[in-house]
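> Sequence and predicted structure are below.
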Amino acid sequence: MTNIKSLYKSELEEFITSNGFPRFRAGQILSWLGKGVTSFDEMRNLPKNLIEFLRGSCYISVANIEKKLVSSYDNTVKYLFRFADGEFVETVVMSYHHGYSICLSTQVGCKMGCTFCATGRSGFSRSLTASEILSQIEAAQKDLGVRIGNIVLMGMGEPLDNFDNVVRFLRLVSDENGLNIGMRHITLSTCGIVPRIYDLAKLGLAITLSVSLHAPDDETRSKTMPINRKYPIPELIRACRDYFDATGRRVSFEYAMIDGVNDSDICARKLSELLRGLNCHVNLIPVNPVSGSGFKKSRTPRQQAFINILTKSGITATVRRTLGSDINASCGQLRRSHTQNDKGG
Ligand code: SAH
Ligand code: SF4
């Protein structure tokens, strides 16, 4: 069976014309898929024989709402979606004054094993297809009755460990025949799989690259992020420079502030030194305490002292507002508690 939602328009056209149907039907099919229909019978302007053909040869991948939590503080919505094979992922929709933003998952679980991360602590199951990544947006838009304008690939999983499906997703979602969300409205977050950063730079897509740095030196970073042993900081920063040179897009760095681990004045100075001369932005995030990790967020005065050092060195940095803190909005926690409950744990 063909996964119809993962096809580019040109591939869909080829698929239906080679089976004897006219090319223009592809556009009609795409427009139904974009509305989030879940069966071919709903495509009311298609002839019966085409509907029958599609039913017999293709499937529509759907993200089913298993659970939905709405924050009483700020209307952040968190979904637990279930796919056809029973796997779950988390997706968060945030509303800002400039519109809606969605945080998408790219894998069920993650292989990277970062010690502060709920997803990393619960192992890896599989990568998502391009259509499963897309379906999270369609399902959320349909449920909320809104148009989502911004995407961050910061949910469960490591996007660059699912490179081909993620690139296909980026092309599909930005296509004018699809959801038409421009590359400039998309941010991809990575723990730093260096060769894939070069591959991404070569594609020249106008997305923002966000790198999860979380430490200013290899010793500290390798303790919380195992990937650093394979691709240490100097190599990572070189790849970020290359990304900027190739795309002209300013790189962002995520830095989760963990009490007593990476939040000292010395760390702030090392970070300033590391990023000197790089066109970038640093997002400081007080770490979200995950059960079993033993990590606590840095206190507010510590956050302030840290950001002051960066700013004085000419590094642009902001402390990110935490959204949906009453619904565990940082990803990995809801699936973890859901699946643990299922096992009776
Ligand atoms: N795998 C990718 C994208 C998903 S994680 C990556 O690591 O970048 C999205 C972001 O959430 C990353 O910056 C990650 O480091 C951060 N993160 C994970 N667990 C966190 C926690 N407990 N508190 C704060 N940020 C966390
Ligand atoms: Fe994976 Fe990102 Fe979590 Fe690390 S922080 S375990 S790379 S999801």
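Nice, I can see it. Ligands and ions are numbered 1, 2, ... in the order given.
> what's near enough to touch the closest residue to residue 150 other than its chain neighbours?
Using CB to CB, 6 or more residues apart in numbering and skipping the chain neighbours, the partner closest in space to residue 150 is residue 101 (4.0 Å). C-beta: built from backbone N, CA, C; applies to glycine. Under the criterion of CB atoms under 8 Å, 6 or more residues apart in numbering, the neighbours of residue 101 are 93, 94, 95, 148, 149, 150, 151, 152.
> Ligand 2 versus the nearest residue to residue 299 once chain neighbours are set aside, what's the distance?
Computed as CB to CB, 6+ apart, the closest residue to residue 299 that is not its neighbour in sequence is residue 259, at 7.0 Å. Relative to ligand 2, residue 259 is positioned 18 Å away (CB to the nearest ligand atom, to the nearest Å).
> Per-residue pLDDT of residue 259, please?
In this model, residue 259 is scored at 97, pLDDT.
> thinking again about what came up before, can you give me the distance of the residue nearest to residue 150 to ligand 2?
Taken as CB to the nearest ligand atom, the spacing of residue 101 relative to ligand 2 amounts to 18 Å.
> Make 46 the starting number, not 1.
With the count now opening at 46, the last piece we talked about shows up as residue 146.
> any idea which helix or strand carries that residue?
Following DSSP states H and E, one finds residue 146 within strand 144-148.
> hang on, the earlier thing: what is the burial count for the residue nearest to residue 344?
The number of residues packed around residue 304, counting by other CB atoms under 10 Å, is 15.
> residues in contact with it?
With contact taken as CB under 8 Å, 6+ apart, residue 304 is in contact with 332, 340, 341, 342, 343, 344, 347.
> now those residues as TSV including pLDDT?
Written out in TSV, the entries for those read as follows (pLDDT from 0 to 100):
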residue	pLDDT
332	93
340	94
341	94
342	93
343	95
344	95
347	97
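> Filter those residues down to the buried ones, ChimeraX style.
To isolate in ChimeraX the members of the contacts of residue 304 that are buried, counting by 16 or more other CB atoms under 10 Å, one can use:
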select :332,340,342,343,347
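> In strands only, show me the contacts of residue 304.
Among the contacts of residue 304, the subset assigned to strands under DSSP state E is empty.
> from the contacts of residue 304, which is closest to ligand 1?
Proximity of these to ligand 1, judged by CB to the nearest ligand atom, is greatest for residue 332, which lies at 4.2 Å.
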